[in-house]
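In: pasted the sequence and its predicted model underneath.
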Amino acid sequence: MARVPSARLALARPTDAPPAAHGTPPDRSAGAALRAATVASATRDDPAAQVFLPPDDLPRHVAIVMDGNRRWARARDLPELDGHAAGVEAIRELLRHAVRRGIPVMTLYAFSRENWARSDDEVTGLFGLLEAAIRSETDELRAQGVRIQLLGRMDELPDATRASIADALQATQGGERLILNIAFNYAGRTELVDAVRRLVASGTAPEAIDEAAVSASLYTAGLPDPDLLIRTGGEQRLSNFLIWQSAYAEFYFCDALWPDFGPDAFDTALLEFARRHRRFGR
């Protein structure tokens, strides 16, 4: 007699598994409307701009570890601070290009909390470069539709630096083309510590703490996680950068030192991202 197959019980799944296990994963199509609007805006205001990739193939959020400024300067027998100044110039050019390409969110790792271990002269010089760059670039960023946000512990920065940043944050709040996060005095583990402190201070019950609650307590609350994380300079590590948010990011490492990483190199990274198939564990 033929055996009648027994009914298969439904697989019990953990209710607190990552969101991608319960629905449509946050793939590149999730931000298509935002990216399409950004591309259309950039193309309308810059007739020379052309559609580079379909909006669905562009990352919603690009994070960059800008590595190699000091090595760039040493290779040219220049003071290390000159390398950081060249790195600031590279940011200016890349931001214009990112707006043309229709990238909605960018996060740049500018100064880590570990960087306090460097010499007083270098740390002071970095603060001075940041203040000067913000003062000189705020009007152009506002004209380009770029909104600046800071990720990190502002209360640990010198008063003058905090004042410059606060002015730029206020002046660019109307930007709608690109959100520019500057990770300054930032560390991924510190961000998680601060998120836990917020949850505790708010009286959140332990059983109410899930991934959504933690994400909502991070510096990047309300923003999409990085789809693409770029690191220049030949190193292949996160260096305590967006360690929660980068759980499903595509990593792109290149040997170019940051001051040499221009629009063409950025386009190469975008093309590589578009070629990858993101499965989110499926």
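Out: Looks like it arrived, so ask away. Note that the structure is a prediction, hence the values are computed from the model and not measured. Numbering: from 1, shown residues only.

In: next, count neighbours for Arg162.
Out: Arg162 has 15 neighbours, counted by other CB atoms under 10 Å. For every residue, glycine as well, the C-beta is placed using N, CA and C.

In: please apply the same query to Gly233.
Out: Close neighbours of Gly233, defined as other CB under 10 Å, add up to 21.

In: distance of it relative to Ile243?
Out: Gly233 sits 19 Å away from Ile243, going by CB to CB, to the nearest Å.

In: ok, now Leu58?
Out: 24 Å.

In: between the two, tell me which one has more neighbours.
Out: For Leu58 versus Ile243, neighbours defined as other CB under 10 Å are more numerous around Leu58 (27 against 14).

In: and stretch 82-98, what's buried?
Out: 82-88, 90-91, 94-98 (16 or more other CB atoms under 10 Å).

In: let me redo that: stretch 166-182
Out: Those would be 168-169, 171-172, 175, 177-182, for stretch 166-182 by 16+ other CB under 10 Å.

In: now swap in stretch 201-210 and tell me
Out: Within stretch 201-210, the residues that count as buried by 16+ other CB under 10 Å are Ile209.

In: may I see the buried residues of stretch 96-105?
Out: 96-105.

In: which helix runs longest in this structure?
Out: Looking across the chain with DSSP state H, the single longest helix is helix 120-144.

In: could you pull out the strands for the stretch 1-150 of the chain?
Out: With DSSP state E, counting those that start in this stretch as the criterion, the stretch 1-150 of the chain has strands at 61-65, 105-112, 146-151.

In: name the helices or strands packed onto the first one?
Out: Pointing back at strand 61-65 there. Helices and strands touching strand 61-65, by 3 or more CB pairs under 8 Å, 6 or more residues apart in numbering; DSSP states H and E, are strand 105-112, strand 228-231.

In: by mean pLDDT, show me the worst of those.
Out: Of all the helices and strands packed on strand 61-65, strand 105-112 carries the lowest average pLDDT, namely a mean of 95.

In: that one to strand 146-151, inter-axis angle?
Out: 40 degrees (axes from the mean of the first three to the mean of the last three CA atoms, to 10 degrees).

In: contact partners of strand 105-112?
Out: 60-66, 91, 95, 98, 126, 130, 151-152, 178-187, 220, 223-224, 226, 239-242 (CB atoms under 8 Å, 6 or more residues apart in numbering).

In: for PyMOL, what selects the buried ones among these?
Out: Buried members of the contacts of strand 105-112, defined by 16+ other CB under 10 Å, are picked up in PyMOL with:
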select buried, resi 60+61+62+63+64+65+66+91+95+98+126+130+151+152+178+179+180+181+182+183+184+185+186+187+220+223+224+226+240+241+242
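
In: got the contact list for Leu180?
Out: 95, 106-108, 141, 146-149.

In: and the gap between Arg96 and Arg177?
Out: 11 Å.

In: between those two, what contacts are shared?
Out: Contacts common to Arg96 and Arg177, judged by CB under 8 Å, 6+ apart, are Gln144.

In: can you give me the helices in this protein?
Out: Applying DSSP H to the chain gives helices spanning 32-45, 69-75, 80-101, 120-144, 159-171, 188-201, 211-215, 263-275.
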